[in-house]
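In: give me coordinates for this.
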Amino acid sequence: MPRAQIGLIGGSGLYDMADVTDRTDVTLTTPFGDPSGPYVLGTLRGKRVAFLARHGAGHRIPPSELNFRANIFGMKMLGVEYILSASAVGSLREEYRPLDIVIPDQFFDRTKGRVSSFFGRGLAAHVGFAHPFCAMLSTLAYDSAREAGATAHKGGTYVCMEGPQFSTLAESRLYRAWGMDIIGMTNLQEAKLAREAEICYTTIALVTDYDCWHPDHDSVTVEMVIGNLLQNAKTAQQIIARAVERLPYDRTCECASALKYALITRPEAIPEQVRKDLAPLVGKYLALSPVDS
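Out: Here you go, the predicted model:
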């Protein structure tokens, strides 16, 4: 199977980076079903990368229907150790303006019933998630954003809402009163699953508009939001290229060993099929390598 150390998740605009070479599509099936689409593997700034269009070709999968487990597990199958995730967000702060970039450091969960773990079915695990983003990767993304000339903000809380509808005015005002900073619909589950997969993860949040709390919100049109999104996508390409070039080959962060003390179930009690399905994640801890699966 082809391999890539760096995973990139976002819109299809990320694929248009001119300096990505040796492109090839890889279609995977995981124990959790099919990912959103094929992974596009290529070489960027001398590093092997794997792109995935989060919402599928033509943006056809809404946030609540995304198969987050398949998307992240597929990255693990490809050997990915870092994930840079780009996504559009609304701003809950006046100073976070449309076209700004935010590299958040916290999440607040407002989703309902989404599956956010690979574990269960006879294998229990509890990973630490107090700090949901890889600090090293987030710093690198922020520095790359500044070098790309973007107005970038480091830190802040991303409210992950269920959608697909946007917030009510009462909800938007409440999130601001709670001290939240940006709002989106996708990144929390990706971050949780990446941590379980021992993959470093960060979000490059692309501000497209102010949420409905802002007095100028009623003047925002779909065309304006799409225009901001397209402009942000170009900025994201520059940020990602710079970050990929500087990523170290060897990891020293805690993300790489997140499961070391997280597996609770006694090895002899784990169902054999679960052992095989999760071998890419837990094989090194259960004396079962992915090859044995």
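In: where does the prediction get shaky in the stretch 1-150 of the chain?
Out: Applying pLDDT under 70 to the stretch 1-150 of the chain flags residues 12-13, 15, 18.
In: need the strands for it, in chain order.
Out: 6-10, 20-26, 39-44, 47-53, 82-91, 101-103, 106-110 (DSSP state E, counting those that start in this stretch).
In: packing partners of the last one?
Out: With contacts taken as 3 or more CB pairs under 8 Å, 6 or more residues apart in numbering; DSSP states H and E, strand 106-110 sits against strand 157-161, helix 187-196. Just so you know, the C-beta spots here come from the backbone N, C-alpha and C atoms, and that holds for glycine as well.
In: give me the distance from that strand to the chain's centre.
Out: Centroid displacement of strand 106-110 relative to its chain, using CA atoms, centre = their mean, to the nearest Å, is 14 Å.
In: that strand vs helix 187-196, what angle?
Out: Note on geometry: by axes from the mean of the first three to the mean of the last three CA atoms, to 10 degrees, strand 106-110 and helix 187-196 are set 120 degrees apart in direction.
In: buried stuff in strand 106-110?
Out: Buried residues in strand 106-110, defined by neighbour count with 16 or more other CB atoms under 10 Å: F107, F108, R110.
In: circling back: make a markdown table out of the strands of the stretch 1-150 of the chain and add distance to E196.
Out: Output for the strands of the stretch 1-150 of the chain, formatted as a markdown table (distance: least, CB to CB, whole Å):
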| stretch | distance to E196 |
| --- | --- |
| strand 6-10 | 15 |
| strand 20-26 | 22 |
| strand 39-44 | 19 |
| strand 47-53 | 18 |
| strand 82-91 | 13 |
| strand 101-103 | 22 |
| strand 106-110 | 15 |
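In: so which of those is nearest S172?
Out: Nearest to S172 among the strands of the stretch 1-150 of the chain is strand 82-91; the distance by CB to CB comes to 8.4 Å.
In: and the closest one, which strands flank it?
Out: strand 6-10 (parallel), strand 182-184 (antiparallel), strand 200-210 (parallel) (DSSP bridges).
In: pull it out as CSV, backbone CA atoms only.
Out: Output of strand 82-91 as CSV, limited to C-alpha atoms (Å, rounded to 0.1, in the frame of the first residue of the first chain):
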residue,chain,number,x,y,z
TYR,A,82,0.5,14.3,11.2
ILE,A,83,-2.9,15.8,10.1
LEU,A,84,-3.4,19.4,9.1
SER,A,85,-7.1,20.1,8.9
ALA,A,86,-8.4,23.2,7.1
SER,A,87,-12.0,24.2,7.7
ALA,A,88,-14.3,27.2,7.4
VAL,A,89,-15.6,28.8,10.6
GLY,A,90,-17.7,31.6,11.8
SER,A,91,-16.2,34.2,14.2
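In: now do it and strand 47-53, the angle between them.
Out: Using the same axes, to 10 degrees, the interaxial angle of strand 82-91 with respect to strand 47-53 works out to 40 degrees.
In: next, the angle strand 157-161 makes with strand 82-91.
Out: Using the same axes, to 10 degrees, one finds that strand 82-91 and strand 157-161 are set 80 degrees apart in direction.
In: just give me how far strand 82-91 sits from the chain centre.
Out: Here the centre of mass of C-alpha atoms in strand 82-91, compared against the chain's by CA atoms, centre = their mean, lies 7 Å away.
In: mind listing what's buried in the longest helix along the chain?
Out: Determined from DSSP state H, the single longest helix within the chain is helix 222-246. Residues of helix 222-246 classed as buried under the neighbour-count rule (16+ other CB under 10 Å) are 228-229, 232-233, 235-244.
In: P2 - nearest residue in space that isn't next to it in sequence?
Out: In space, and not counting its chain neighbours, P2 is closest to L41: 5.2 Å by CB to CB, 6 or more residues apart in numbering.
In: picking that back up, now render the strands paired with strand 82-91 as CSV, adding mean neighbour count and distance to V127.
Out: Shown next, in CSV, are these (neighbours: other CB atoms under 10 Å; distance: least, CB to CB, whole Å):
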stretch, mean neighbour count, distance to V127
strand 6-10, 26, 18
strand 182-184, 25, 22
strand 200-210, 26, 12
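In: dump the ones you listed into JSON lines; add distance to T168 as well.
Out: Compiled in JSON lines, the strands paired with strand 82-91 are given as follows (distance: least, CB to CB, whole Å):
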{"stretch": "strand 6-10", "distance to T168": "28"}
{"stretch": "strand 182-184", "distance to T168": "12"}
{"stretch": "strand 200-210", "distance to T168": "15"}
